[in-house]
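sequence first, then the predicted structure, then my questions.
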Amino acid sequence: SAVISQKPSRDICQRGTSLTIQCQVDSQVTMMFWYRQQPGQSLTLIATANQGSEATYESGFVIDKFPISRPNLTFSTLTVSNMSPEDSSIYLCSVAQGPDQPQHFGDGTRLSIL
Amino acid sequence: AQKVTQAQTEISVVEKEDVTLDCVYETRDTTYYLFWYKQPPSGELVFLIRRNSFDEQNEISGRYSWNFQKSTSSFNFTITASQVVDSAVYFCALRGSYGNNRLAFGKGNQVVVIP
């Protein structure tokens, strides 16, 4: 399966600032996704990153708060904007080669907001 | 809507014991996919298995086995002769026929293997 690299692996940020998380894949993939995992919780899909167009957001997530880019088939970014302590989570990128293929995940970005 | 229920939150077993994790799902789709993922303490999510709704054969991979019962909407996971390295959170997930490969995750089972 594809090798997925996420940067940064962790960060501690100040309230009100923004952080951009990068997801790089070593091969072209059809589908890329961003998930959030709050402490001790399951994974929740934030959005599907669409190549060359606006991301598709899930209910409860908006573009102003979580802008996403996907300029090509191997790279995507997620920005967490105007952060508050409630945004402290693990953010994970996943990829799949098709709608019926399993998703494979990056190692995640552990984000803490003070 | 898709829903996955993993009722057991934390399970502790002594090394070499077997442990079974229950997963019950809900979907109106006739075609769907079920998955299990492992999340060790290091945090990465590791894909273990995918099963589609038309394949009810059970599967064994080393010490891992999966029992898919469509009649009871369950996709249970058994670890045989558990080892300390099996300590992790295990997530069951479901994807329906429609949408964009969106996965619905259960809350996860925290497995603690005691040496």
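That came through fine. The structure presented is a predicted model; accordingly, all values stated were derived computationally and were not measured.

how about the residues of chain A by chain B?
Selection of chain A residues close to chain B by Cβ under 8 Å from any Cβ of the partner chain yields A:1, A:31, A:33, A:41-45, A:48, A:56, A:58, A:90, A:92, A:94, A:96, A:98-108, A:110. The way it works is simple: take the backbone N, C-alpha and C, and place the C-beta from them, glycine included.

what's near enough to touch the closest residue to residue A:98 other than its chain neighbours?
Leaving aside its chain neighbours, residue A:98 sits nearest to residue A:30 (5.6 Å; criterion: Cβ to Cβ, 6 or more residues apart in numbering or on different chains). Applying Cβ atoms under 8 Å, 6 or more residues apart in numbering or on different chains to residue A:30 gives the contacts A:73, A:96, A:97, A:98.

neighbour-wise, which one of these leads?
Neighbour counts for those, by other Cβ atoms under 10 Å in any protein chain shown, peak at residue A:96, which reaches 21 neighbours.

residue A:31 is in contact with that one, correct?
Yes. The pair residue A:96 / residue A:31 is scored as a contact, 4.4 Å apart, by Cβ atoms under 8 Å.

who touches both of these two?
Common contact partners of residue A:96 and residue A:31 (Cβ under 8 Å, 6+ apart): A:103, B:101.

shaky segments in chain B?
Along chain B, segments meeting pLDDT under 70 span B:98-100.

just the strands in it please.
Here chain B has its strands, by DSSP state E, at B:3-5, B:10-14, B:19-21, B:24-26, B:33-39, B:46-52, B:59-61, B:64-69, B:74-79, B:88-95, B:104-105, B:109-114.

what do you get for chain A?
Under DSSP E, chain A gives strands at A:4-7, A:10-13, A:19-25, A:31-37, A:43-49, A:56-57, A:68-72, A:75-80, A:89-96, A:104-105, A:109-113.

export those strands to CSV and append columns for mean pLDDT and distance to residue B:34.
Converted to CSV, these look like this (pLDDT from 0 to 100; distance: least, Cβ to Cβ, whole Å):
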stretch, mean pLDDT, distance to residue B:34
strand A:4-7, 96, 22
strand A:10-13, 96, 31
strand A:19-25, 97, 25
strand A:31-37, 95, 18
strand A:43-49, 94, 15
strand A:56-57, 94, 23
strand A:68-72, 96, 27
strand A:75-80, 98, 26
strand A:89-96, 95, 15
strand A:104-105, 94, 16
strand A:109-113, 96, 27
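
possible to save those strands as CSV with distance to residue B:13?
Output for those, formatted as CSV (distance: least, Cβ to Cβ, whole Å):
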stretch, distance to residue B:13
strand A:4-7, 31
strand A:10-13, 31
strand A:19-25, 35
strand A:31-37, 24
strand A:43-49, 24
strand A:56-57, 40
strand A:68-72, 40
strand A:75-80, 37
strand A:89-96, 26
strand A:104-105, 26
strand A:109-113, 28
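
and the closest residue to chain B within chain A, what are its bridge partners?
Chain B sits closest to residue A:105 of chain A, with a gap of 3.9 Å, by Cβ to the nearest Cβ. In this structure, residue A:105 bridges to residue A:94 when assessed by DSSP bridges.
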